[in-house]
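# what's the 3D shape of this:
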Amino acid sequence: MSRKGFTLVEIMIVVAIIGIIIAIAIPGFLRAREVSRGRACQENLSKIEGAKEQYALEGNVPFDTTPTWTDLIGNTLYLKREPTCPGGGAYTINDLDHAPECDYTEPTWLDTKFAHELQ
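Residues are numbered from 1 along each chain as shown. Below is the predicted model:
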């Protein structure tokens, strides 16, 4: 008698192989997502710094001045809107002498190989 179909052992082997592939792929995907978020955050910080420099040059303001979001957004062309950190952090503009900051922290599972790419 000839039976068509797969045996239980064959199905279990296929499921195990798929599980191994998923176990290998998911951490890489999560690392790539965090690296992407970190790079987007760095890009936003760079845009904020550029907007601060334009504000200082066009407004002829002293460098110990701390601009507000309303100084950089709105009627001016420095920024179209307030940037949002893709990692959920909040941006601090700081005064004109200091670079803007974000309180986004890298996840602890992000190993140093990928964490240095965020810098």
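# next secondary structure after the helix ranked longest in the chain?
As assigned by DSSP state H, the longest helix anywhere in the chain is helix 8-59. Next helix or strand after helix 8-59 toward the C-terminus (DSSP states H and E): helix 69-72.
# now the helix or strand just after that following helix, how far from the chain's geometric center?
Going down the chain from helix 69-72, the next helix or strand is strand 91-92, by DSSP H and E. On the basis of C-alpha atoms, centre = their mean, to the nearest Å, strand 91-92 sits 14 Å off its chain's mean C-alpha point.
# next, the contact list for the closest residue to Gly88 other than its chain neighbours, please.
Excluding its sequence neighbours, the residue lying closest to Gly88 (C-beta to C-beta, 6 or more residues apart in numbering) is Tyr104, at 6.8 Å. All C-beta spots, glycine's among them, are computed from the backbone N, C-alpha and C. By C-beta atoms under 8 Å, 6 or more residues apart in numbering, Tyr104 lies in contact with 37-38, 41, 85, 87-89.
# what's the answer for Ile93, then?
Contacts of Ile93 (C-beta under 8 Å, 6+ apart): 48, 52, 66-69, 72, 100.
# among those residues, name the buried ones.
With burial judged by 16 or more other C-beta atoms under 10 Å, the buried subset of those is 48, 52, 67, 72, 100.
# now render the residues you listed as a markdown table, adding pLDDT and distance to Phe29.
Output for these, formatted as a markdown table (pLDDT from 0 to 100; distance: C-beta to C-beta, whole Å):
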| residue | pLDDT | distance to Phe29 |
| --- | --- | --- |
| Ile48 | 94 | 29 |
| Lys52 | 92 | 35 |
| Pro67 | 91 | 38 |
| Leu72 | 89 | 35 |
| Pro100 | 93 | 29 |
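# okay, and the helix or strand of the chain with the least pLDDT?
None of the helices or strands of the chain scores lower by mean pLDDT, DSSP states H and E than helix 112-115, at a mean of 48.
# where does pLDDT dip in this protein?
1, 75-76, 105-119 (pLDDT under 70).
# tell me the centre residue of it?
Closest residue to the average C-alpha location of the chain: Arg37 at 1.5 Å, with C-alpha atoms, centre = their mean.
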